[in-house]
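Asks: Provide a 3D model corresponding to the input given below.
(chains A, B and C)
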Amino acid sequence: MGYVAGVDVGSTQTKAVILDEKRHVVARAVVDTGSNVARAADRVIEAALAQGSLSPSQLSYVVGTGYGRFRVGVGQEQITEISCHAKGIAHVNPAVRTVIDIGGQDAKAIRLGEDGAVADFVMNDKCAAGTGRFLANAAEVLQLGLDEIGPRSLNAARPVRLSTVCTVFVESDILSHLARGRTVENILAGVHRAVATRVVALARRVGIEPIVALTGGVARNIGMVEALEAQLNVRLFVASDAHFMGALGAALFAWERAQGRAFAVKDQ
Amino acid sequence: MVSEVPNTYQGAMHARQKDLMQDYQQALARSAAGDGPPAVYLLVSGNPVELIHAFGLLPVFPEIQALQRAVRHESLPLIQEAEARGYSTDNCAYVKTDIGAWYRYSRSPSPTVPPPGLLLANYVGCQVYWQWWEQLEDFSHAPLYLLDVPFSRSRDGLPTPDDIAYVVRQLRELIPILERLSGRRYDPDRLRQVLQLSRETEELWSRIKWLAARDPAPFDAYFDAATLMAPLYVLRGTAAGRDYFQTVWTELEARQKAGQGPLERENFRLVIDGPPPWPYLRAFRDMFARWGAVFVASTYSGVGGLWEFGFRHQPDDPLTTLATHMLTWNVPNQNLRQRYDLLSRYLREWHGEGLVIHAVKSCRLFSSGHGDMREYFAKTLKVPTLLIESDLADPRYFSPAQMRTRIDAFMESLISSRLGRDAIS
Amino acid sequence: MAGVLNTLSLATDLPGLAAQVQEWLDDPQLSLMSRLKSLYQRPAVGYFPVYSPLEIFEAAGVYPIGVGDVSHDAEMALGESRFPSFVCSIVKSTLDLGLAERLRVLDGVVFHSICDAARNLQAVYARNIPQQWTDYLHFPQNFDSPAASEYLASEYRRLMRRLDAWTDRRMTNDDLLAAIERYNRLRSHLRELYRFRRMHPDLLSTRVLYTLVRALGLLTVEDSLDLLTYARGLLTRQVPRTRDSVRALWIGAFCEKPPWDLVETLEEAGIAIVDDDIGLAHRWFSDDIPLDGDAIMALATAYCRNAVPAAVRHVPLGDRTAALLQRMQKVGADVVVMTVAKFCEPGLYEYAAYRRVLAEQKIPHILIEFDEHMWMFDKVQTDIETFVESVLLN
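Replies: Next up is the predicted model:
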């Protein structure tokens, strides 16, 4: 049957995973999404194929996921990132029962059934508090890179409290703290705590059952991991390639389709 | 199945509805031009439209006008007009659509709608109603009567004898006001005739709703039922209204027997709570239709009255029956526990396999507590439940991409749980 | 002081007393309430703002607690999950207090029909905290109808039957008259305090007055009387502050509690508050309720005929705005400061109507949206200072 691929078109990064017939990952790639979503999907597949020394004709099935999946009609089939994250994590660690995913635009909590399928899920409401955007805005105000804010937040002695979790107002909040002489570390710890509070409230809606996994780009942020662990009072399972979980899930669906299996979004 | 689109079925019922609503619009326009009976502005919740018809007056529902403006994508400039005058982004968008229109046309919310002869604030469940009507009183200088209907407070939802007596007494106070406005004496026999016609309409409406419990449902009990609401509220209590619902019943029953539903195939039967996002009605419907999902029951279609559980107006005791309808037999005046019970019945008796909760920012009456509703259905009753959020008239609160992801993920999870069940069995 | 207050060793100056009272309200364990409950040996019933018939609780021999007066300073993970983001904080924080078992001192809670968001809170609270009983009162809105007060009397009788059955005693008309008499005295004390502040806003700050008014939500009427008597005794010992300020009518904070620092920010910016809408549960009637005849009917009639203006009670807009102007004149206010809780629909409609008339009358006014959890006030401070400057400079 050849190879299959999953492409996750996120708001900031686009990821691809290629699997062989035995569902082994043979190649992965990530590119910045940029303004041209269609191009990002093409570029990431090219990059992954190059990494695996494969040609496009060797791909028998491609599934697209992520927020840009419909705009570009990625692959033969599109499946939501909720189903794909669940699929990916259940493959990597079948004991996971709760998935927390913090993306750039959305935060979500997914409860998995015994079979690894989505039993229930919730996503953030209109308010973007508790998403990666909030962290990104904070980093921007403090003129720090996204990869810096997590580690620096861990050095806080007295985390500040934010007066708002509104992405729109976080800037003035942070500036007020700076004006009062609060350290960047303490402010960052407050930012991470505020996001964690929102996300934990979200996760409570589906019910938090161990093992709890964190996926999505924010999983690489150690500050976020620790803030969530503190509030959930559990250790999080963070896969080493957590940000590829959506693409991996999409690739697993593609593998099932190539096998002629019934999962199916298009026809039952 | 992702290619499902709502059918474009157009029958006699649709042609007849178009004619009837045109007649009504013309009556409004005549009244606005000073020819015809005065208008009574009233609210949809548990509306006592029978009383208006009994005096030959013209009922006007500003909510229906606001939602029609939202469907026609005309609400946003009016909302912004109201916001420029000090109404908040957090106020109800129906109210702002209407108030924006008052600012634009000053004498009434539309050149073809008469100004109110009476503002009847039938305060049934929604408190914003009388706050809205307070503002209209200020704009129109028409008299306001606040018909105060106590909220359903007990677990079983039954009104107390004091509740009924209080509403009946107010209806008696309202009668001389309607006499003065119409120039007609109150004729109890006339009201009984109107109520008899309502009763026959209600019987038909109830049977229509139960049709959706069958397999397949011959119409969508959310999207299609919503389009039947205008005739149900405006024409209930008239012969034309009764005859219209006879047409609807005959046609939909025939379609059901022929196995025809609103979509090519009925893959999912769902139940929904909350008003529709009118500015995105078509897009919202398509998000479900493409999965073959049909709503077999909705609480929104019960805002004006709940008749599918046996309540009918009783012509022999006109005022008490009007009071009972307003107190008990409509969705907005029921407390949240009653709404949970109602939704459970819809899921059970209409054979729904999942619940969609649509929280709308404008309507806290519907939406306050929606997180708890989700908790109850998803965790206690183990019903697949989706909570989504937008607005009923403000297009700024609807994000198509976010909405679609949530709906798609919900449908995918329904499919995978079906597959799981199949695999087990 | 005959009550339990003398066991609390109260501070001997007003700022000290205010700080002490604030500690009672801010205490996450709400330990004062548990302590008072065991001293009173009464069952405790919570009531939701804006108004609740406290006289009936007193006559029933229960300890009434204002759930809206208790501070909620925590992150609201529990309450937030049951309501959408566009519902005001007090609805969520009340449920949050319940779910976090911080209100376990309560045996029951009485809700009522003040707004659509709070309306559904009763059902959610009852479902999630089943160990407490709840009730829901419908306050009438049709004040043109003579039936309204009779209806409210029937609602009160229904509540009384429930309380009687629960406390296993029977309230008499005399019990109620005695309770009304005590609350009449309390309201009269409050009117005196308000009169004093109107005359000497420099001697009695709103920050202190607000704290005292909120404390009444934790006390029985006898102890409330003691506290206010004691506080009044401390009034003259204050050192007056002198500064340029504008005399303001502060409206809008009739339900969700404004943060302590919001009040302080207003005053620091030069707003001398001469009247306000805080603590309306204890200030609902502008005159004494008559002490003869049918006490329930008197209480119900007072609600319909003699209540202070509030956004949650129907009054024709023309009358409402006229009352606002009269009130400004009566208290000698030059400006209006309107604080509306975020997502509070009744307050926001009222603001839109007031804004029209205030603009017509060229009365300076400012709108500030607040949230009980708000704790940084830089922006409010800038807004209000600019407002004060513009008034003083014109």
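
Asks: what about chain C, any weak spots by pLDDT?
Replies: Scanning chain C with the threshold set as pLDDT under 70 gives C:1-2, C:75, C:237-242.

Asks: show me which residues of it sit near chain A.
Replies: When proximity is defined by CB under 8 Å from any CB of the partner chain, chain C lies next to chain A at C:75-78, C:80-81, C:84-85, C:373-376, C:378-379. In this view, the C-beta of every residue, glycine as well, is placed from N, C-alpha and C.

Asks: which of the residues you listed are buried, as a PyMOL select command?
Replies: A single PyMOL command suffices to select whichever of these are buried according to 16 or more other CB atoms under 10 Å in any protein chain shown:
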select buried, chain C and resi 75+76+77+78+80+81+84+85+373+374+376
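
Asks: closest residue of chain C to chain A?
Replies: Going by CB to the nearest CB, chain A is nearest to C:Met376 of chain C, at 3.8 Å.

Asks: if I look at that residue, how far off is A:Arg180?
Replies: In this structure, C:Met376 and A:Arg180 are 9 Å apart, going by CB to CB, to the nearest Å.

Asks: ok, now A:Ala196?
Replies: Distance check for A:Ala196 against A:Arg180: by CB to CB, it reads 23 Å.

Asks: out of the two, which sits in the busier spot?
Replies: Set side by side, A:Ala196 and A:Arg180 show unequal neighbour counts under other CB atoms under 10 Å in any protein chain shown, the larger going to A:Ala196 at 25 against 10.

Asks: the more buried one touches A:Asn221, doesn't it?
Replies: No: A:Ala196 is beyond contact range of A:Asn221, at 10.9 Å (criterion: CB atoms under 8 Å).

Asks: so how many other residues sit close to the residue lying closest to B:Tyr186 once chain neighbours are set aside?
Replies: Residue nearest to B:Tyr186 in three dimensions, not counting chain neighbours: B:Ile175, with 4.9 Å by CB to CB, 6 or more residues apart in numbering or on different chains. Here the neighbour count serves as a burial measure; for B:Ile175 (other CB under 10 Å) it reads 17.

Asks: where exactly do the helices run in chain A?
Replies: Assigned by DSSP state H, chain A shows helices spanning A:37-51, A:69-72, A:81-92, A:132-141, A:146-153, A:170-179, A:184-206, A:222-232, A:245-258.

Asks: what sits against residue 185?
Replies: The chain I'm using is chain A. Contacts here follow CB atoms under 8 Å, 6 or more residues apart in numbering or on different chains; on that basis A:Glu185 touches A:152-153, A:155-157.

Asks: you answered for a different chain; I wanted chain C.
Replies: Applying CB under 8 Å, 6+ apart, we find C:Arg185 in contact with C:Leu225.

Asks: let's go with 10 Å and repeat that
Replies: Contact analysis of C:Arg185 by CB atoms under 10 Å, 6 or more residues apart in numbering or on different chains lists C:221-222, C:224-225, C:228-229, C:288.

Asks: which neighbours do C:Met376 and A:Arg180 share?
Replies: By the contact definition CB under 10 Å, 6+ apart, C:Met376 and A:Arg180 are jointly contacted by A:Val160.

Asks: phi first, then psi, for residue 144.
Replies: All of this is about chain A. With angles defined as degrees, to the nearest 10, A:Leu144 shows backbone torsions of phi -120, psi 160.

Asks: sorry, should have said chain B
Replies: Comment: the main-chain dihedrals of B:Leu144 come out as phi -110, psi 130, following degrees, to the nearest 10.

Asks: show me where the stretch 51-200 of chain C has helices.
Replies: Listed in chain order, the helices of the stretch 51-200 of chain C (DSSP state H, counting those that start in this stretch) span residues C:54-59, C:77-80, C:89-99, C:116-128, C:147-167, C:173-199.

Asks: those: which one's closest to C:Trp24?
Replies: Counting by CB to CB, C:Trp24 lies closest to helix C:89-99 out of the helices of the stretch 51-200 of chain C; the figure is 15.1 Å.

Asks: quick one, that closest one and helix C:116-128 angle?
Replies: Between helix C:89-99 and helix C:116-128, the angle comes out at 10 degrees (axes from the mean of the first three to the mean of the last three CA atoms, to 10 degrees).

Asks: any bit of helix C:89-99 sitting next to chain B?
Replies: Yes: for helix C:89-99, a contact with chain B is found by CB under 10 Å from any CB of the partner chain, at C:91-92, C:95.

Asks: and if you look at stretch C:149-159?
Replies: Yes: residues of stretch C:149-159 are located near chain B by CB under 10 Å from any CB, namely C:150-155, C:157-158.

Asks: for chain B, which spans come out with low pLDDT?
Replies: In the predicted model of chain B, residues B:1-8, B:420-425 satisfy pLDDT under 70.

Asks: roughly how far does the most centrally placed residue in it sit from B:Thr328?
Replies: Of all residues in chain B, the one closest to the mean position by CA atoms, centre = their mean is B:Val303, 4.3 Å from it. Between B:Val303 and B:Thr328 the distance is 14 Å, computed by CB to CB.

Asks: now list whatever residues contact both of those two.
Replies: Contact criterion CB under 10 Å, 6+ apart; residues bridging B:Val303 and B:Thr328 by contacting each: B:Gly46.

Asks: which ones are touching B:Ala213?
Replies: Residues B:221, B:269, B:296-297, B:308, B:346, B:349-352 are the ones in contact with B:Ala213 under the rule CB under 10 Å, 6+ apart.
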